[in-house]
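> quick one, structure for this:
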Amino acid sequence: METERPPETILQDIRRQEKRTSLFNQYHRQMLDPLRDRDWVSSSKLPDHPGTTLALLRNGWMERRSTGEGVEYRMTEAGLLELSRPR
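Just a heads-up that it's a prediction; the model follows:
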């Protein structure tokens, strides 16, 4: 039987989850800008920012595929929506 968790523990979990969610920022915008035409783009044509790339992939704003020539990225619908929102 599962016991009820104390409110302090629940609040700590909520705060941890809030820290993980990324806000769309200028670095994300600069990384997605070359992907505006919604076609696959080689990783060599994009800025080398692994942290930003990881955040975009984790949030579903960009997708990745491996080909014989290397890794390619493409913006998703969610990324296009974030990019088109006024700031």
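> which residues touch residue 62?
Residues near residue 62 by C-beta atoms under 8 Å, 6 or more residues apart in numbering: 31-32, 35, 53, 56, 73-76, 79. No exception for glycine: its C-beta is placed from N, CA and C like everyone else's.
> please, a PyMOL command that selects the buried ones among the residues you listed?
Per 16 or more other C-beta atoms under 10 Å, the buried members of those correspond to this PyMOL selection:
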select buried, resi 31+32+35+53+56+73+75+76+79
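> tell me which entries of the contacts of residue 62 lie within strands.
Counting by DSSP state E, these place 73-75 in strands.
> rewinding a little: out of the contacts of residue 62, which one sits closest to residue 9?
The nearest member of those to residue 9, counting by C-beta to C-beta, is residue 56 at 31.4 Å.
> which ones are touching that closest one?
Contacts for residue 56 were tallied using C-beta under 8 Å, 6+ apart; they are 28, 31-32, 62, 79.
> next up, phi/psi of residue 41, please.
Torsion angles at residue 41 (phi, psi; degrees, to the nearest 10) stand at phi -120, psi 140.
> what's the weakest-modelled helix or strand in this structure?
The least trusted helix or strand in the chain, going by mean pLDDT, DSSP states H and E, turns out to be helix 7-20, with a mean of 68.
> circling back to that earlier point, out of the ones in strands among the contacts of residue 62, which one sits closest to residue 10?
Checking the ones in strands among the contacts of residue 62 against residue 10 with C-beta to C-beta, the nearest one is residue 75 at 35.7 Å.
> now the most centrally placed residue in the chain: how far from residue 71?
By C-alpha atoms, centre = their mean, the chain has its centre lying nearest to residue 56, at 2.0 Å. Noted for residue 56: a distance of 13 Å to residue 71, by C-beta to C-beta, to the nearest Å.
> do residue 45 as well
Residue 45 sits 11 Å away from residue 71, going by C-beta to C-beta.
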